[in-house]
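> after the sequence you'll find the predicted model.
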Amino acid sequence: MDTYITGATIKKLREKKGITQMQLAELIGVSSKAVSKWETAKGLPDITLIEPLAKALEVSVVELMSGDTVINRNTSSNMLRSTFYVCPVCGNIIRATGNTVISCCGIMLPPLEAEEIDDDHRVVVETVEDEQFFTVCHEMTKEHFVSFMAYLTADRVQFVKFYPEGNAETRFQLRGSGYLYIYCNRHGLMRMRIGTGKR
């Protein structure tokens, strides 16, 4: 991880849970003095205490390390509310249907904010039989390329991974209106609304 737990995070999570320093200390087998030192930045919990501390505070280790608790407001798992994450080290692509904390290669990944697709990343759509053929008008070199394309509706995700020196094109079956997403390794995540007229 590129960060370590802070005293402010421990205090915030402890108070949110509604327990005292003494109660937290008893839950993880340390003294209340140790908890007080952590919370006042006069010491840090040993790495072996991270998992017990997270369990006592009822958060994940990643949430404890980041200081951000996760509340998933997308309880219906509407695919249109998906969030994308891309690791800048290994290129790993992660999609989540709700609020989450993602770590890859020791880095906390921020959720990608999608911009509207611009002229430099223009997408051409053609009908081929019962599908739509999508082509991104973009170079596909090793240095500058479109990494993936995804079509999301409320109940499904269609996803295609692209590679440098290949073609940024694919077919999707359009069932209902949704969003087409593309990810450029230099310019980030972009999207456009797709309305099929079918409900």
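Great, that's in hand. Residues are numbered from 1 along each chain as shown.
> can you count the residues close to residue 129?
If you count neighbours by other CB atoms under 10 Å, residue 129 ends up with 8. All C-beta atoms are positioned from the backbone trio N, CA, C, and that covers glycine.
> let me redo that: residue 61
Other residues near residue 61 come to 16 when the count uses other CB under 10 Å.
> who touches the closest residue in space to it that isn't next to it in sequence in this structure?
Leaving aside its chain neighbours, residue 61 sits nearest to residue 54 (4.7 Å; criterion: CB to CB, 6 or more residues apart in numbering). For residue 54, the contact set (CB atoms under 8 Å, 6 or more residues apart in numbering) comprises 60-61, 63-64.
> closest to residue 10 out of those residues?
Checking the contacts of residue 54 against residue 10 by CB to CB gives residue 64 as the nearest, at 8.2 Å.
> quick one: average confidence on the host helix or strand of the closest one?
According to DSSP states H and E, residue 64 maps onto helix 61-66. The average pLDDT within helix 61-66 is 76.
> and that helix, C-alpha only, in CSV?
C-alpha atoms of helix 61-66 as CSV (Å, rounded to 0.1, in the frame of the first residue of the first chain):
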residue,chain,number,x,y,z
VAL,A,61,-8.6,-3.5,5.7
VAL,A,62,-8.6,-1.4,2.5
GLU,A,63,-11.2,1.0,4.0
LEU,A,64,-9.1,1.2,7.2
MET,A,65,-5.9,2.0,5.2
SER,A,66,-7.6,4.6,2.9
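> and that helix, how far from the chain's centre?
From the chain centre to the centre of helix 61-66 is a distance of 14 Å (CA atoms, centre = their mean, to the nearest Å).
> name the helix or strand of the protein that has the lowest mean pLDDT.
Across the helices and strands of the chain, mean pLDDT, DSSP states H and E gives its lowest value to helix 61-66, namely a mean of 76.
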